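> Below: sequence and its predicted model.
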Amino acid sequence: MAIRWICPTILALLSCAIALYAQSSVVTYHNDNSRTGQYLNEILLTPASVKSASFEKRYFFALDGAVYAQPLYLSRVKIAGKGFHNVLFVPTSHDSLYALDADDESSSTPLWKVNFLDAAAGVTTVSASDVNCPVIPELGISGTPVIDPDSRIIYLIAYTKEAGDQYVYRLHAIDVTSGAEQPGSPVVIQAPGFVPLDHKQRTALLLLNGTIYSSWSGNCDRGTYHGWVMAHDAKTLQLTGYFNDSAGVSGASFWNGGAGPAADAQGNVFVVSANGDFEGAVSLAQYDESVLRIAPAPDLAAADEFTPFNKVLLDQEDLDLGSSGALLLPDEAGSAAHPYLLFTSGKEGRMYLLDRQALGGVQFGSDSGALASLPIPGTHATFGSAAYFNGFIYLAPANSPMMAFPVAGASLGSLPSASTTNENGPPGATPSISANGSRDGVAWTITADDGGQLLAYDASDLSSLFNSNARLSNQLPGYTEFSVPTIADGKVFAPAEHGVAIYGESVSDPPEITAVTNAGSYSSAAISPGSLISIFGSGLAALTANASSNPLPMSLADTSVTVNGIPAPLLFQSPTQLNAQLPWETLVGPASVVVRTRGASSAALKITVQPAAPGLFTDAGGYAAALNADGSVNSKANPAAAGSVISVFFTGLGAVTTAVDDGAAPVAGQIVFALSRVAASIGGSPAQIEFAGLAPLYPGLAQINLKVPALASGTYPLTILVAGRASNAAELAISGLD
């Protein structure tokens, strides 16, 4: 059975000539395992739009605790009974994990929420007095979780105080669709010599080749703590290996200002250690103040290291190299001799550029083993992570401007190419970059200044674009240490002391819907579940864009649609027209369509949903979107032979034999048939139907294969009927048996 695809005609009719948009998720700290901080699929937030008065704080999700971890963003999450949503996952210091609708700013009611405390059983968070360390206000979930987008599982580590003054860390594997624990979850974090009370899990988790890596530090140097790297199997959660860089003594922890271990494509794990407490036992001080390459689990041994020549001074002066994590640079920054690079910096105020394949070893007298060992201008300490974009490393030290240092040919510039005009107070910041590929870069930071603020700069010259504290209504509601913003789909999600603030463009006038029609026939009376629809009106979107992903995204550039409260996948948007798919679960009968764009919602437009409502796609001349027997597009100049089998494309098929997700097409090799009776006529003559069902490759598109009746040459009206409902008429060119 031939089921064919007609991209040139159908996509042109649905405005595919527009620049494509691919929605990206943020499933790990600083956006990728290299920790570059880049979000390169942003088409709405440009330097011009961020600098405009319309960019502002739009909403605040109030949560039950402080947010120290970076929020994570996953697109197209299927929530039971609620359809597909773009979801923001936010853990709190109160041991809660929230799943929030990233597109709905009408309330902070979560899609789901889980909490790992049990007051009745004596399970609480860990307080500052428990660890003798001034945490604000409590320790619960501090490290950034990680999401496996394939298995749809989010992994996190929660810290609790339990009956009998027991302190416990647990690794949880949570279903992103429901908040349910996975089989075998949670597991208690245990390793020989590991004392939970003396350790803090502040760094981000790393998911690499089916293994969850966690790194560890201490609570204000309390007790005997170590720099641990632990590995757990992502399926079973069982401990598969561990590395202790200060066994027998103490210190050399991995705290890194919240940055997690980094990993390269070869499976190597990179961590940066802090100062150790070795009391002169130099032989035990092998791995403090070092950049380490750790072999993948289960080995988890130090395979290579770089230790600065002045590590004794760094130890004595508490100038941790490990105040920041490792940034793995893309190959474009390297050279033929040194293609794979690593960058880091620390509290001493020094930058290091290293060869990942040969870190350099222990240095003596100078850092000659490094590709670069350079003082940061002004010698300011760094915390967290640097970012990379377009040949520059972005660094935001404490008591210093943010700076962009050029890096190319495995060489690091000693002076910045650009600097901000303002200085950031302690502890500085971790920059993140949003851009549309290599264009329209914006550098974002959250700093502690003035009680906490979100700042944005033009990535090309670091000129100021936005300061949340310049206007009272834009202020960030409190600062959490080492905060990192998350940028996704035209919005910036900024962690705060008791929740997450949403920043983005705002509109003074809400969008207005004037009509909702079948996308093929443009009939408002021909709308059915699973069909493609066109929404017409004004102010529907900020710009024109076409989805490039399959399945379709649930939003395009901060614009989304709901039908009876269920999100509808989008394939095209412009200020006056949206093309979407009516969710399959939409019930027959009255329904309400709402458009949300840039923080504003339209009034609901009432539509009537039919069981089936076919609408044929046509070109500008009224010819049907059809393929002749040889796969060519039917037209007056290219007619179909009488007696041949052609494929015709439409939408509004109604119920089908196999369920297909909203926004998705049948998978390769899958044939999905219509449940209703389908008929067709050409020029009033019945046409034999050989197939009726969903077309491959494109969501919401239906297809019939029919045999052309024995007619004379000419152009004839084609109509189809599904469940007795007739489509619009479209022209079909026939080469007859004259």
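Structure's in. What do you need?
> Can you pull out the low-pLDDT segments for the protein?
Applying pLDDT under 70 to the chain flags the ranges 1-23, 277-285, 737-738.
> I'd assumed Gly369 was in a helix, is it?
No: per DSSP: H, G, I helix; E, B strand; the rest coil, Gly369 lies outside any helix segment and is coil.
> That one touches Phe306, doesn't it?
Yes: contact criterion CB atoms under 8 Å: Gly369 and Phe306 qualify, at 6.5 Å. Heads up, the C-betas are built off the backbone N, CA and C, glycines and all.
> Any chance you could list what contacts stretch 29-36?
37-39, 70, 144, 146, 204-208, 258-260, 262-264, 325-330, 385, 387-389, 430, 432-433, 484 (CB atoms under 8 Å, 6 or more residues apart in numbering).
> got a list of what Ser385 touches?
So Ser385 contacts His30, Arg35, Gly37, Asn256, Gly257, Ala259, Ser324, Gly325, Leu327, Thr430, Val484 (CB under 8 Å, 6+ apart).
> Most neighbours of all the residues you listed, which one?
Neighbour counts for the contacts of Ser385 (other CB atoms under 10 Å) peak at Ala259, which has 34 neighbours.
> who touches that one in this structure?
By CB under 8 Å, 6+ apart, the contact set of Ala259 is Tyr29, His30, Arg35, Thr203, Ala204, Ser324, Gly325, Ala326, Gly384, Ser385, Thr430.
> how far away is the last one from Ala120?
Noted for Thr430: a distance of 39 Å to Ala120, by CB to CB, to the nearest Å.
> for the third one, same thing?
Shown here: Arg35 relative to Ala120, a distance of 40 Å by CB to CB.
> what does the first one give?
Taken as CB to CB, the spacing of Tyr29 relative to Ala120 amounts to 34 Å.
> Between the two, tell me which one has more neighbours.
Using other CB under 10 Å, the more surrounded residue of Tyr29 and Ala120 is Tyr29, with 31 against 6.
> in which helix or strand would I find the residue nearest to the more buried one when sequence neighbours are not counted?
Closest residue to Tyr29 apart from its sequence neighbours, by CB to CB, 6 or more residues apart in numbering: Ala204 at 3.3 Å. Using DSSP states H and E, Ala204 maps to neither a helix nor a strand.
> how does the protein divide into domains?
Here the domain assignment for the chain is 32-505, 616-735, based on automatic domain parsing.
> The nearest residue to Asp320 once chain neighbours are set aside: how many residues sit nearby?
Nearest residue to Asp320 in three dimensions, chain neighbours excluded: Ala274, at 3.8 Å (CB to CB, 6+ apart). For Ala274, the neighbour count with other CB under 10 Å is 27.
> Export the domains of the chain as CSV, with columns for distance to Asp558.
Conversion of the domains of the chain to CSV gives the following (distance: least, CB to CB, whole Å):
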stretch, distance to Asp558
domain 32-505, 3
domain 616-735, 18
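> Which parts of the stretch 451-600 of the chain are helices?
Ranges of helices in the stretch 451-600 of the chain, per DSSP state H, counting those that start in this stretch: none exist.
> start to end distance for stretch 547-562?
One end of stretch 547-562 sits 17 Å from the other (CA to CA, to the nearest Å).
> how far out from the middle of the chain is that stretch?
13 Å (CA atoms, centre = their mean, to the nearest Å).
> Give the buried residues for it.
547, 549, 551-562 (16 or more other CB atoms under 10 Å).
> Provide a list of residues in contact with the residue lying closest to Val135 once chain neighbours are set aside.
Nearest residue to Val135, sequence neighbours excluded (CB to CB, 6+ apart): Ala128, at 5.0 Å. Contact analysis of Ala128 by CB under 8 Å, 6+ apart lists Pro134, Val135, Ile136, Pro137, Glu138.
> which one of the buried residues of stretch 547-562 is nearest Tyr340?
Nearest to Tyr340 among these is Ser549, at 30.0 Å by CB to CB.
> how close does that closest one get to Leu697?
Distance from Ser549 to Leu697, by CB to CB: 13 Å.
> just Thr719 next, same as before
Relative to Leu697, and taking CB to CB, Thr719 is found at 25 Å.
> more neighbours, those two?
Thr719 (19 against 16).
> Please look at that one and Ala726 and confirm they touch.
Yes: shown here, Thr719 and Ala726 form a contact pair, counting by CB under 8 Å, at 5.6 Å.
> show me where the chain has helices.
7-13, 47-51, 128-131, 311-316 (DSSP state H).
> If you count neighbours, what's buried in the shortest one?
Yep, that's helix 128-131 we're talking about. Buried, per 16+ other CB under 10 Å, within helix 128-131: Asp130, Val131.
> Look up the closest residue to Ser592, ignoring the ones flanking it.
Ser592 sits nearest to Ala604 (CB to CB, 6+ apart), 3.9 Å away.
> Could I get the contacting residues of that neighbour?
Ser592, Val593, Val594.
> Which ones among these map onto strands?
Ser592, Val593, Val594 (DSSP state E).
> which of the residues you listed lies closest to Ala396?
Nearest member of the ones in strands among the contacts of Ala604 to Ala396, counting by CB to CB, is Val594, at 39.8 Å.
> Run through the bridge partners of the residue nearest to Thr445 when sequence neighbours are not counted.
In space, Thr445 comes closest to Ala429 once its chain neighbours are excluded; the distance is 3.7 Å by CB to CB, 6+ apart. Ala429 forms beta bridges with Ala396, as assigned by DSSP bridges.
> CA-only coordinates of stretch 512-521 in PDB, if you can.
Extracted in PDB, the C-alpha atoms of stretch 512-521 (Å, rounded to 0.1, in the frame of the first residue of the first chain):
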ATOM      1  CA  GLU A 512      -8.100  38.800  19.600                       C
ATOM      2  CA  ILE A 513      -9.500  35.700  17.800                       C
ATOM      3  CA  THR A 514     -11.900  36.500  15.000                       C
ATOM      4  CA  ALA A 515     -12.300  33.000  13.400                       C
ATOM      5  CA  VAL A 516     -11.300  29.400  13.800                       C
ATOM      6  CA  THR A 517     -11.500  27.300  10.600                       C
ATOM      7  CA  ASN A 518     -10.500  24.000   9.000                       C
ATOM      8  CA  ALA A 519      -6.900  24.600   7.700                       C
ATOM      9  CA  GLY A 520      -7.700  23.000   4.400                       C
ATOM     10  CA  SER A 521     -11.200  24.400   3.500                       C
END
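> Now for Ser106: which residues touch it?
Ser601.
> now it: how far from Thr160?
33 Å.
> picking that back up, quick one: mark the members of the buried residues of stretch 547-562 that sit in strands.
Ala547, Thr559, Ser560, Val561, Thr562.
> Just the closest of these to Ser676, please.
Once CB to CB is applied, the member of these that ends up nearest Ser676 is Val561, at 25.7 Å.
> Tell me the spatial nearest neighbour of that closest one, not counting adjacent residues.
Nearest non-adjacent residue to Val561 (CB to CB, 6+ apart): Ala568, at 4.3 Å.
> Please apply the same query to Tyr457.
Ala443 (4.6 Å).
> these two touch, right, that neighbour and Tyr394?
Yes: applying CB under 8 Å, one finds Ala443 in contact with Tyr394, separated by 5.6 Å.
> Need the residues touching each of these two.
Ala387, Met402, Ala404, Pro431, Ile433, Ala459.
> how much space is there between the last one and Ser246?
Looking back up the chat, that one is Ala459. Distance from Ala459 to Ser246, counting by CB to CB: 39 Å.
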